[in-house]
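> Pasting the sequence and the predicted model now:
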Amino acid sequence: MSVNVFALIQNEDFSHAQLHSQLQSYANAYSLGGTGAIVTFTGLVRDFNSQGDIDGIELEHYPGMTDKALMLLVEQAVARFSLTAAGAVHRIGRLYNNEQIVWVGAAAPHRQAAFDAACFLMDMLKQSVPLWKKEFKGERSQWVETKASDDKAALKWMASK
Amino acid sequence: MSVNVFALIQNEDFSHAQLHSQLQSYANAYSLGGTGAIVTFTGLVRDFNSQGDIDGIELEHYPGMTDKALMLLVEQAVARFSLTAAGAVHRIGRLYNNEQIVWVGAAAPHRQAAFDAACFLMDMLKQSVPLWKKEFKGERSQWVETKASDDKAALKWMASK
Amino acid sequence: MHITVKTFAQTRELSGEDNISLDLEPDATIDTVIKHLTARGSHWELALSGSILSARNHQLCDKQTVLNDGDEVAFFPPVTGG
Amino acid sequence: MHITVKTFAQTRELSGEDNISLDLEPDATIDTVIKHLTARGSHWELALSGSILSARNHQLCDKQTVLNDGDEVAFFPPVTGG
């Protein structure tokens, strides 16, 4: 495992401020003064889907595989985009509207690599990390279907390079 | 001026944590539960350029125009990418290696819009906001030249749409 | 040889089972496991139909992957995290 | 009519002037201002050569832009923030 990466699967909420600082300190430890760009993505629960309002989501995962798959992805991003650091956190369990779901961060010498890496992490996470989302409203709930646009986004990275 | 935007030019350092929270609260005020994605970019002073090591940079700007140009850009991003909020902060004056230079943030219903908007803000900032960078080492300093890759990145946004 | 099978999300709900022990012939593959499970009834056929994904020992794998004694195999629908 | 001219970065350093008042004929454009300034000497010719940008009242503008009394005009090199 590289020294400049982290990947977490957790029930609890996370602090984007603390994660950003952690990423920056990992990047500094790896290459002080070598980071010119940090890009972060934070995903939040929206209060609607294509059918109407929802109350929140429930995230199921594959304990034992999820952590490994997320860490593998972060390490792939570091290697592919020559990052100085990268990290990802994904929550599981029941999350209500407007709560934080996921955070990814990438630090790099130049901005395009940081943008591409953060985008890659999100696109590939939606393809290779064993997490499944159910949307609920009151007592009713429904599994989220994969989106063709998400498959296309991931395929783009798999086809290039 | 829209209610969900901010743009600041300042000498002082900024807190990425506070800016992220400000962006999120602007997005919530604009459309509670309507934000699914937040992308932030933080630019830092690298300790090298193509000629070798540097000690830091000195940023000159056009007082009176810089604020307006940055705010105009943020408002363009909100309109173009249907954002729920956006913000940008750029520092001026003398900045040493590893210090923060610039921060942009974009909040949107979907992730691609947030990524595109943050990327647009950075690419266009390097084209239309009157800021000039000098790199210094000891007593010697040298103006930074515009990069062909930066011009190309901005042209991409001007050509599309 | 002996393997464990896990299921998740819709696959778990449709099959009604999420932790199964199977005794298989040597050189069994993911496909062999699918045949064993679908023989259990139409709920398993439904659970394993469509674009189902498989993993062996926590790594995504295809249907031709050969299994070893003690492997953990999992079946689940396309992922929807993020 | 009367305008103010500002310069920044290399343009300021090469011209040696950063705040100039000019009296111009009516219908003067950015180009007119450039002609007035380059007439001041070769340092101004150098300062305004190449891919110099111009702004009128804090907005980027092209060389054909017509000016009004009281306008603030600025010349500067391509920007390098971010």
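Sure, I can see it.
> now the longest helix along chain A against helix B:111-128, angle please.
Longest helix in chain A by number of residues (criterion: DSSP state H): helix A:111-128. For helix A:111-128 against helix B:111-128, the angle by axes from the mean of the first three to the mean of the last three Cα atoms, to 10 degrees is 180 degrees.
> Which strands or helices does helix A:111-128 pack on?
strand A:37-44, helix A:66-81, strand A:85-91, strand A:100-108, helix A:148-159, strand B:37-44, helix B:111-128 (3 or more Cβ pairs under 8 Å, 6 or more residues apart in numbering or on different chains; DSSP states H and E). For the C-beta atoms, the positions are set from N, CA and C on the backbone; glycine is no exception.
> Specify the local secondary structure of whichever residue of chain C sits closest to chain D.
Relative to chain D, the nearest point of chain C is C:Gly82 (28.4 Å; Cβ to the nearest Cβ). Using DSSP: H, G, I helix; E, B strand; the rest coil, the structure places C:Gly82 in coil.
> Could you tell me which residues make contact with the nearest residue to it once chain neighbours are set aside?
Nearest residue to C:Gly82 in three dimensions, chain neighbours excluded: A:Lys126, at 4.4 Å (Cβ to Cβ, 6 or more residues apart in numbering or on different chains). Contacts for A:Lys126 (Cβ atoms under 8 Å, 6 or more residues apart in numbering or on different chains) come out as A:Thr146, A:Asp150, A:Ala153, A:Ala154, C:Val79, C:Thr80, C:Gly81, C:Gly82.
> try 10 Å
Applying Cβ atoms under 10 Å, 6 or more residues apart in numbering or on different chains to A:Lys126 gives the contacts A:102, A:146-147, A:149-151, A:153-154, B:111, C:78-82.
> Centroid-nearest residue for chain A?
Note on chain A: the residue nearest the mean C-alpha position is A:Val104, at 4.4 Å, using Cα atoms, centre = their mean.
> and that residue, how far is that from chain D?
Separation of A:Val104 from chain D (Cβ to the nearest Cβ, to the nearest Å): 22 Å.
> quick check, the helix or strand of chain A with the lowest mean pLDDT touching chain C?
Between all helices and strands in chain A, the lowest mean by mean pLDDT, DSSP states H and E belongs to strand A:48-49, at a mean of 86. No: shown here: strand A:48-49 not in contact with chain C (Cβ under 10 Å from any Cβ of the partner chain), separated by at least 11.8 Å.
> what lines up beside that strand in the sheet?
Strand A:48-49 pairs in its sheet with strand A:52-53 (antiparallel), by DSSP bridges.
> re earlier: by mean pLDDT, show me the worst of the helices and strands packed on helix A:111-128.
When those are ranked by mean pLDDT, helix A:148-159 comes last with a mean of 92.
> which residue sits closest to residue 81, ignoring its sequence neighbours?
You didn't pick a chain, so chain A it is. A:Ala117 (4.1 Å).
> Oops, wrong one, chain C.
C:Gly81 sits nearest to A:Leu131 (Cβ to Cβ, 6+ apart), 2.9 Å away.
> Next one, pLDDT for C:Pro77 please.
What the model reports as pLDDT for C:Pro77 is 97.
> Longest helix in chain C, please.
helix C:30-38.
> does chain A sit close to that one?
No: Helix C:30-38 stays clear of chain A (Cβ under 10 Å from any Cβ), getting no nearer than 15.2 Å.
> Mind giving me the packing neighbours of the next helix or strand after that helix?
On the C-terminal side of helix C:30-38, the nearest following helix or strand under DSSP states H and E is helix C:42-47. Helices and strands touching helix C:42-47, by 3 or more Cβ pairs under 10 Å, 6 or more residues apart in numbering or on different chains; DSSP states H and E, are helix C:9-15, helix C:30-38.
> Can you tell me the closest non-neighbouring residue to the residue in chain A that chain D sits nearest to?
In chain A, no residue comes nearer to chain D than A:Arg111, which is 7.7 Å away by Cβ to the nearest Cβ. Using Cβ to Cβ, 6+ apart and skipping the chain neighbours, the partner closest in space to A:Arg111 is A:Ala37 (4.1 Å).
> cool, A:Ala113 as well?
The nearest residue in space to A:Ala113 (Cβ to Cβ, 6+ apart) is A:Phe81, at 4.5 Å.
> buried ones in stretch A:82-91?
A:Leu83, A:Thr84, A:Ala85, A:Ala86, A:Gly87, A:Ala88, A:Val89, A:His90, A:Arg91 (16 or more other Cβ atoms under 10 Å in any protein chain shown).
> Tell me who's in contact with the residue nearest to the first one when sequence neighbours are not counted.
Sequence neighbours aside, A:Ala108 is the residue nearest to A:Leu83 in space, at 5.0 Å (criterion: Cβ to Cβ, 6+ apart). Residues near A:Ala108 by Cβ under 10 Å, 6+ apart: A:27, A:34-39, A:77-78, A:81-86, A:114-118.
> From A:Leu73, how far out is A:Ala108?
According to Cβ to Cβ, to the nearest Å, A:Ala108 and A:Leu73 sit 16 Å apart.
> same deal with A:Glu145?
Noted for A:Glu145: a distance of 22 Å to A:Leu73, by Cβ to Cβ.
> Equivalent analysis for A:Leu8, please.
13 Å.
> Mind listing the shared neighbours of the two?
Joint contacts of A:Leu8 and A:Leu73 (Cβ under 10 Å, 6+ apart) are A:Ala88.
> before we move on, back to that, if you compare the helices and strands packed on helix C:42-47, which one is most tucked away?
Highest mean neighbour count of those: helix C:9-15, a mean of 19 (counted as mean count of other Cβ atoms under 10 Å in any protein chain shown).
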